[in-house]
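Novice: Below are the sequence and a predicted model; questions follow.
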Amino acid sequence: MRRILLALLVGLLLYGVTLSAATGLFVAVEVEVFEPWSILHWGSWNPLEEELLSTRIQQISEEDIEAATALMETCELATDLRGAASGSCHTLTRFHFVREGHYDINPLLGQPYRIVLRNLTAGHLGLVLAVDGLNTNGSAPVVGDASDRRWILRPFQTVAVSGWQAPADEAPAFQFIAPSPSRSLVEDLRGTIQLAVYLCNPFAEEDRAESDLGEMIDQPAVPIPFVSVTTYPVETLTFDYSPDRVTLGIQCEEAPAGGIRISAVAVGTVAEQAGLLVGDIITYADAIPMNRCSDMQELLDSKSPGDRLLLKVHRSERVFLISLTLEE
């Protein structure tokens, strides 16, 4: 009977994944990028498309099964539970397996981004949010268990995390840059955003203070008690934003008189190294007319790292050719 219920839960989970790729049992995650409207830096936050690469269901470790089972028995015996404590007990009933979800996103180079997190439960959640393997709560490398510093998400709360919370009260912003100037020493984790979810133990006597996430990461964080039910995460979501195809490192828009106009050039990319500037208009690439930004993307999708690309560029009163070597 338990196996049948587990299979049904997995099926419902996978059905939910098809509806919203970055929605798990406990938390929903969306990566948004800031796209400016004008030179005045007005703009809007728009979600990036998240492609589900794989999802894996794993059994709970023996020690975590024992801890969760004991806590559920305590929850059933308790008669005076209210508020978040009651919600944390109810949330624990969802915990039947450990899910690992892997997603892919295409970053807009040179633009700031933020991570929107939504608590889907009535209990407190402990979240370890890491970029390139470094904890956004203090910048230490992530260990992978409950010893990591966590942000706390209140019941049904939604927050937007826009940068690092460093020990010296600094909050540098997230930005998609290539090549990445990552502070991480773990090369395998560069170009990744990782989220690990922990459930709250409402009966813990230990008063360990974690940090309330707040609305934005650059606002003051409020310490609140949180002790994890388990040693290891109950759910993990990983987003790969490393380049997986060749790029120029530009953002573009259609030019009124034809061609595509460069609206931004990302630092450290092929476009910057070749001398392309904001305002340049590209009319041909490899002798193919460029009338829409999608024309350039289709051409780049047919290329491989190391290929050459010949551009016809219009700048002010002159027209010239630029030849460059494509990179990831």
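Specialist: Thanks, I have the structure now.

Novice: Please enumerate residues in contact with the helix or strand that contains Gly126?
Specialist: Per DSSP states H and E, Gly126 falls inside strand 125-131. Contacts to strand 125-131, defined as CB atoms under 8 Å, 6 or more residues apart in numbering, come from residues 26-27, 91, 115, 117, 119, 135-137, 142, 146, 148-153, 161, 164, 174, 189, 192-200, 210, 213, 226, 228, 233. For every residue, glycine as well, the C-beta is placed using N, CA and C.

Novice: just checking, which of the residues you listed belong to helices?
Specialist: The helices, defined by DSSP state H, take in Thr91 from those.

Novice: Give the bridge partners for Val265, please.
Specialist: Ile250 (DSSP bridges).

Novice: List the contacts of it.
Specialist: Neighbouring residues of Val265 by CB under 8 Å, 6+ apart: 110, 249-250, 271-272, 276-278.

Novice: So how do I select the buried members of those residues in PyMOL?
Specialist: Buried residues among the contacts of Val265 (16 or more other CB atoms under 10 Å), as a PyMOL selection:
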select buried, resi 110+249+250+271+272+276
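
Novice: Return the alpha-carbon coordinates of the helix or strand harbouring Ala70 using PDB.
Specialist: Assessed by DSSP H and E, Ala70 sits inside helix 62-77. Extracted C-alpha coordinates of helix 62-77, given in PDB (Å, rounded to 0.1, in the frame of the first residue of the first chain):
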ATOM      1  CA  GLU A  62      18.100   5.900   7.700                       C
ATOM      2  CA  GLU A  63      19.000   8.500  10.300                       C
ATOM      3  CA  ASP A  64      16.600  11.000   8.700                       C
ATOM      4  CA  ILE A  65      13.800   8.500   8.600                       C
ATOM      5  CA  GLU A  66      14.200   7.900  12.300                       C
ATOM      6  CA  ALA A  67      14.200  11.600  13.100                       C
ATOM      7  CA  ALA A  68      11.200  12.400  10.900                       C
ATOM      8  CA  THR A  69       9.200   9.400  12.200                       C
ATOM      9  CA  ALA A  70       9.900  10.400  15.800                       C
ATOM     10  CA  LEU A  71       8.800  14.000  15.100                       C
ATOM     11  CA  MET A  72       5.600  12.900  13.300                       C
ATOM     12  CA  GLU A  73       4.700  10.800  16.400                       C
ATOM     13  CA  THR A  74       5.200  13.900  18.600                       C
ATOM     14  CA  CYS A  75       3.100  15.900  16.200                       C
ATOM     15  CA  GLU A  76       0.200  13.400  16.500                       C
ATOM     16  CA  LEU A  77       0.300  13.400  20.300                       C
END
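
Novice: which secondary structure elements does it contact?
Specialist: helix 83-92 (3 or more CB pairs under 8 Å, 6 or more residues apart in numbering; DSSP states H and E).

Novice: so how far is the first residue of stretch 281-293 from its last?
Specialist: 11 Å (CA to CA, to the nearest Å).

Novice: Give me the neighbour count for Thr69.
Specialist: When neighbours are defined as other CB atoms under 10 Å, Thr69 has 12 of them.

Novice: Ok, the one 3 residues further on next?
Specialist: The burial metric for Met72, expressed as a neighbour count using other CB under 10 Å, is 15.

Novice: so what's it up against?
Specialist: By CB under 8 Å, 6+ apart, the neighbours of Met72 are 89, 92-93.

Novice: quick check, nearest of those residues to Leu326?
Specialist: For the contacts of Met72, the minimum distance to Leu326 (CB to CB) is 50.6 Å, reached by Leu92.

Novice: Only the buried members of the contacts of Met72: can you turn that into a PyMOL selection?
Specialist: Of the contacts of Met72, the buried ones can be selected in PyMOL as follows, counting by 16+ other CB under 10 Å:
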select buried, resi 89+92
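
Novice: what's the least confident helix or strand in the protein, going by average pLDDT?
Specialist: Within the chain, no helix or strand scores below helix 2-19, which has a mean of 40 by mean pLDDT, DSSP states H and E.

Novice: For the stretch 51-200 of the chain, which segments count as strands?
Specialist: 98-105, 113-119, 125-131, 134-135, 151-153, 158-161, 192-199 (DSSP state E, counting those that start in this stretch).

Novice: neighbouring strands for the first one, and are they parallel or not?
Specialist: Partner strands and pairing direction for strand 98-105 (DSSP bridges) are strand 50-58 (antiparallel), strand 235-240 (parallel).

Novice: Using PDB, write down the CA coordinates of the longest one.
Specialist: Coordinates of the C-alpha atoms in strand 50-58 are reproduced here as PDB (Å, rounded to 0.1, in the frame of the first residue of the first chain):
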ATOM      1  CA  GLU A  50      13.500  27.100 -17.100                       C
ATOM      2  CA  GLU A  51      14.000  23.800 -18.900                       C
ATOM      3  CA  LEU A  52      13.700  20.600 -16.800                       C
ATOM      4  CA  LEU A  53      16.800  18.500 -17.600                       C
ATOM      5  CA  SER A  54      16.100  15.600 -15.100                       C
ATOM      6  CA  THR A  55      14.400  14.800 -11.800                       C
ATOM      7  CA  ARG A  56      15.400  12.000  -9.500                       C
ATOM      8  CA  ILE A  57      13.600  10.500  -6.500                       C
ATOM      9  CA  GLN A  58      15.800   9.100  -3.800                       C
END
